[in-house]
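Asks: Sequence first, then the predicted structure, then my questions.
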Amino acid sequence: RVKPPERPRGREGAFGFMQGGVSSERPSESTIRQVGDAIAETKRGDGDVLAVCGPALVHSGAREDLARLVREGFVDMLSTGNGFAVHDIERDLYGTSLGMDTESLDHPRKGHKHHIYTISEIIRAGGIEAAVDEGIVDSGVMCECVTNDVPYVIAGSIRDDGPLPDTITDAVEAQDAIREQAHEADLVLMLSTLLHSVAVGNCLPSTTRTVCVDINPATVTQLLDRGSDQAIGMVTDIGTFVPTLADHLLDEE
């Protein structure tokens, strides 16, 4: 028997609130609070939250706040690409993201090579988990995933530097791993990555709640066009969304 997706009556709640189309002219803070409430509700029901992350999350300075969410148990799985993992670890090792200091906005000499140095360090250690165990990497999203036993899938692509030893370079194998995560997820956060969000979205059941966040309206529109009434979208800077979401969820505890 087919069970139709939940349809909020009276257009109430976060997943009815944003059904009026994609626009940046919406009350971001109110919407983020409702997304936070949906995550908290999912966790209270023993559901799993999957975060799909792009490297812009690190570049924009939101890495520490996502790491807090992983540490406090609000993110149960991570799906990402080689770029996000590399720049997250680069930020820990060198204080930069793609060669730029995300706090001072300075560009250190030879900073453009930091991501290559980062990949070399992780290869030398034998992988991300080994680097964390040895104390080479001691902060960031990937570190929190290892420390808190949060499973992650790093799907590779033809344009990757390196890649990291943990990156799945076989496309079919990566898709199988993504599909397994997608079927376990009860709520999915798609954060500033079109390609990986599409990959995950193609594997999601129509009943899975999905939150799409990107600064590009076309990206959000494309992700929402899966046709699910369980998907909402926000056109905003990921560097604003994640810290506000983390503050709301952690302050409510």
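Replies: Cool, got the structure. Numbers count the residues shown, from 1 in each chain.

Asks: switch to C-alpha atoms for all contacts and neighbour counts from now on
Replies: OK.

Asks: Bridging across strands, which residues link to the most centrally placed residue in the chain?
Replies: Using CA atoms, centre = their mean, the residue of the chain that lies closest to the mean C-alpha position is C53, 2.7 Å off. C53 has these beta-bridge partners by DSSP bridges: T80, L191.

Asks: Now do the strands in this protein.
Replies: 49-53, 77-81, 96-97, 100-101, 152-155, 187-191, 209-214, 231-235 (DSSP state E).

Asks: Show me what the fifth one is packed against.
Replies: With contacts defined as 3 or more CA pairs under 8 Å, 6 or more residues apart in numbering; DSSP states H and E, the packing partners of strand 152-155 are strand 77-81, helix 82-94, helix 171-184.

Asks: Adding distance to Y152 and mean pLDDT, write those out as a markdown table.
Replies: Output for the helices and strands packed on strand 152-155, formatted as a markdown table (distance: least, CA to CA, whole Å; pLDDT from 0 to 100):
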| stretch | distance to Y152 | mean pLDDT |
| --- | --- | --- |
| strand 77-81 | 5 | 98 |
| helix 82-94 | 10 | 97 |
| helix 171-184 | 9 | 96 |
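
Asks: still on that earlier bit, let's have the strands of the chain in a markdown table, adding distance to A62.
Replies: Below are the strands of the chain laid out as a markdown table (distance: least, CA to CA, whole Å):
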| stretch | distance to A62 |
| --- | --- |
| strand 49-53 | 11 |
| strand 77-81 | 15 |
| strand 96-97 | 12 |
| strand 100-101 | 13 |
| strand 152-155 | 18 |
| strand 187-191 | 11 |
| strand 209-214 | 13 |
| strand 231-235 | 16 |
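
Asks: Could you say which one of the ones you listed comes nearest to I89?
Replies: strand 96-97 (8.9 Å; CA to CA).

Asks: Which residues does the closest one contact?
Replies: 58-59, 87-88, 90-91, 102, 111, 114-115 (CA atoms under 8 Å, 6 or more residues apart in numbering).

Asks: So what are the sheet partners of it and their directions?
Replies: strand 100-101 (antiparallel).

Asks: For C143, give its distance to I158.
Replies: 25 Å (CA to CA, to the nearest Å).

Asks: The two: which has the busier surroundings?
Replies: Ranked by neighbour count (other CA atoms under 10 Å), C143 and I158 place C143 first, with 27 against 8.
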